[in-house]
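Visitor: Below: sequence and its predicted model.
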Amino acid sequence: MAASPTLLTREAKVGLFAIAIFGIMFWASFFIGKFDSALTGQTYYAVLESAHQLGVDSPVETAGIRVGRITKIEIIEGGRRAKVTFRVNGDVELYEDAEINVLTVGLLGDRYLNLVPGTVASGKLVEESTITRTTVPLAFEDLMDSFAPVVENVTQMTEDLARLLGHSAIQDGIPATVDSLRNTARQLEQMVSSYEDFVVAAVKGTRYINDRLPELMDALINQVGGADTVVSELASSVTETVRRIKRMSELFESSTEDLHAIISGIEAGEGTIGALLKDEETADDVREVVANLNDTLDRVTRLRTIVDYLGTYNYNNRSDGFRHRAEIRLQPSYDHYYSVGFVDRTEGKTSTRTRTISNGVSTYTEEIATTRDSLLFNAQIAKRFYDLTLRGGIIENDGGIGLDYAFWDDQLWLRTESYDFSRSGDNPRMRAWSELRIKNHLTIAVGVEDAISRQKRQQGLFGIGLYFTDEDLKYLFGSLPSMSF
């Protein structure tokens, strides 16, 4: 008699799932993932006047294509310069006259290294060589310092001009001058019109000149007499205009003397403005305010945003379930960050209870499987010391602490965290797992959940996640099609 087929047990299913995950990791590592680590690529150095807004993982581009990233930044020459270590893909060839330009992209002011490979004639650049031909743009605060004197001069000139034009004599003289010029133009128009009439009359009277010469002479004398009157009136108007212009010139000269006196008083420290300019304590306060403002703007432009998602499958011989963790990380600098997020946890639980049948003679045991869903909150502060990161805060609605250690230029992470320290009847919850990043976006995780439980609640976990920086999000949203309504 043939044996009946046996269904796969839970342990067999989990084993097949683990084998599949490790198979994906093996295939991705050797056929898809080219890590930005010691496995591939070439390392070079560059000496910069300033590494402002550059950090570890900042991109390296050539011809507009990302070919590498910064792996380390350190201070040299007693803080006067910065040495940047970066790695580029193996298919990029550099030569002795290669150049590094620090460029800025995007509204946030993100900076990256623009790599100019150089020319073949100069000879190939040996790996781990230092590129000395570098260009760093002027920082925002330096531009502000250079523009500040210009703004102050323009402001002072505007105030002086407004004060000058506000003088009552000038305001009264300008309308009178305009009226005088308008009257002069009207007189000139009348004179030209009179001469036109005279010329027309002279031409028409030519054929009558032999018969009507006396009349024509009388008319000519009358016309000339009228022109004399117009010229006399015009001369009077011009004289009045010149007199007023002379008066305005005297007012301008007087105002100039007043302006010189005001400037001399300011230079001597007289008045409110003079005291402000001459008082060193006030000037120091102004410089301190400007420095604080520049520092605040610099921190905002250096803020880095990271979005992280990890979905895992947790199991043991009694229960299993899925866990989805989403996190947004705000990283003002390389060595510390703040993170907020949530965890959507689905857990299966099997309980055993004993029931007595109605006749009270025998009992039997039944197992009841239940499923529980939970939405939990995370909020943490982290500080990094070289490759070690310490973090603490709220972990799944309870206070907790965590520890992370990085390998291969942050491509492999070993993580552990503990929370729920007031747990009844058991040790605190402790999770330990490793994360391997592939292509800087895909994450594969393997570890154990509730590792130190006395109630044998330990669960193995396997998962896949996604990891994006603000630079990736910028390119993603920039490539979306525009919508119209």
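Guide: Structure's in. What do you need?
Visitor: What residues does Lys383 make contact with?
Guide: Asp335, His336, Thr389, Leu390, Arg391 (Cβ atoms under 8 Å, 6 or more residues apart in numbering). From N, CA and C alone the C-beta is placed, and that goes for glycine too.
Visitor: Secondary structure element holding the last one?
Guide: What it means is Arg391. Assigned by DSSP states H and E, Arg391 belongs to strand 388-395.
Visitor: Which strands and helices lie in contact with that strand?
Guide: strand 363-385, strand 398-407, strand 412-419 (3 or more Cβ pairs under 8 Å, 6 or more residues apart in numbering; DSSP states H and E).
Visitor: again, only this time at 6 Å
Guide: strand 363-385, strand 398-407 (3 or more Cβ pairs under 6 Å, 6 or more residues apart in numbering; DSSP states H and E).
Visitor: weakest of those by average pLDDT?
Guide: With a mean of 76, strand 363-385 has the lowest mean pLDDT of the helices and strands packed on strand 388-395.
Visitor: sorry, back to before: adjacent strands (with direction) for the strand holding Arg391?
Guide: strand 363-385 (antiparallel), strand 398-407 (antiparallel) (DSSP bridges).
Visitor: quick one, helices of the stretch 101-250 of the chain?
Guide: 140-165, 168-204, 213-267 (DSSP state H, counting those that start in this stretch).
Visitor: what is the mean pLDDT for the last one?
Guide: Same thing as helix 213-267. Mean predicted confidence for helix 213-267 is 68.
Visitor: what element comes up after the helix or strand Glu74 falls within heading to the C-terminus?
Guide: Assessed by DSSP H and E, Glu74 sits inside strand 65-76. Once strand 65-76 ends, the next helix or strand along the chain (criterion: DSSP H and E) is strand 81-88.
Visitor: List the residues that contact Asn89.
Guide: Gly41, Val67 (Cβ atoms under 6 Å, 6 or more residues apart in numbering).
Visitor: how about 7 Å then?
Guide: Gly41, Val67, Gly68 (Cβ atoms under 7 Å, 6 or more residues apart in numbering).
Visitor: how close does the second one sit to Tyr386?
Guide: Here the criterion is Cβ to Cβ, to the nearest Å. By it, Val67 lies 26 Å from Tyr386.
Visitor: When the two are compared, which one has more neighbours?
Guide: When Val67 and Tyr386 are compared for neighbours, Val67 comes out ahead with 20 against 8, by other Cβ atoms under 10 Å.
Visitor: Next up, the contacts around the more buried one.
Guide: With contact taken as Cβ under 7 Å, 6+ apart, Val67 is in contact with Val60, Glu61, Val88, Asn89, Val92, Leu115.
Visitor: cool, Asn316 as well?
Guide: Gln458, Gln459.
Visitor: What backbone torsions are found at it?
Guide: phi -150, psi -170 (degrees, to the nearest 10).
Visitor: the bottom helix or strand of the chain by mean pLDDT?
Guide: helix 271-278 (a mean of 60; mean pLDDT, DSSP states H and E).
Visitor: so where's the stretch 1-150 of the chain shaky on pLDDT?
Guide: For the stretch 1-150 of the chain, applying pLDDT under 70 flags the ranges 1-8, 10-11, 26-40, 106-109, 138-148.
Visitor: let's see 50
Guide: 1-5, 30-39, 107 (pLDDT under 50).
Visitor: any idea which of the contacts of Lys383 is the one closest to Glu159?
Guide: His336 (46.3 Å; Cβ to Cβ).
Visitor: filter the contacts of Lys383 to the buried ones?
Guide: Listed as buried from those are Thr389, Arg391; burial here means 16 or more other Cβ atoms under 10 Å.
Visitor: ok, now how distant is the nearest residue to Ser418 once chain neighbours are set aside from Ser339?
Guide: Leaving aside its chain neighbours, Ser418 sits nearest to Met430 (4.6 Å; criterion: Cβ to Cβ, 6 or more residues apart in numbering). Plainly put, Met430 is 19 Å away from Ser339 if you go by Cβ to Cβ.
Visitor: what do you get for Thr469?
Guide: 14 Å.
Visitor: what does Glu159 give?
Guide: On the measure of Cβ to Cβ, Glu159 and Ser339 end up 51 Å apart.
Visitor: So if I had to pick from the two, which one is more boxed in?
Guide: Higher neighbour count among Glu159 and Ser339: Ser339, with 18 against 12, using other Cβ under 10 Å.
Visitor: Return the set of residues that bridge with Arg111.
Guide: Here Arg111, judged by DSSP bridges, has bridge partners Thr104.
Visitor: begin at 26 from here
Guide: With 26 as the first residue, the last one maps to Arg136.
Visitor: So it sits against Ser75, correct?
Guide: No. If you go by Cβ atoms under 7 Å, Arg136 and Ser75 don't touch, sitting 10.3 Å apart.
Visitor: Between the two, tell me which one has more neighbours.
Guide: Arg136 (22 against 15).
Visitor: residues touching that one, list them.
Guide: Gln78, Leu79, Ser83, Val127, Leu128, Thr129.
Visitor: Apply 6 Å and report the result again.
Guide: Gln78, Leu79, Val127, Thr129.
Visitor: Quick check: of the residues you listed, which lies closest to Arg354?
Guide: Using Cβ to Cβ, those come closest to Arg354 at Gln78, 18.1 Å.
Visitor: helix, strand or coil for that closest one?
Guide: Under the three-state scheme (DSSP: H, G, I helix; E, B strand; the rest coil), Gln78 adopts coil.
Visitor: Measure how buried Arg269 is and give me the count.
Guide: Residues contacting Arg269 under the criterion other Cβ under 10 Å number 17.
Visitor: and it, what does it touch?
Guide: Arg269 neighbours (Cβ under 6 Å, 6+ apart): Thr202.
Visitor: now do Met50
Guide: Contacts for Met50 (Cβ under 6 Å, 6+ apart) come out as Ile469.
Visitor: so it is in which element?
Guide: helix 35-52.
Visitor: continuing past that helix, what's the next helix or strand?
Guide: Counting by DSSP H and E, what follows helix 35-52 is strand 67-73.
Visitor: From one end of stretch 135-154 to the other, what's the distance?
Guide: The first residue of stretch 135-154 is 26 Å away from its last residue (Cα to Cα, to the nearest Å).
Visitor: Thanks a lot, see you next time.
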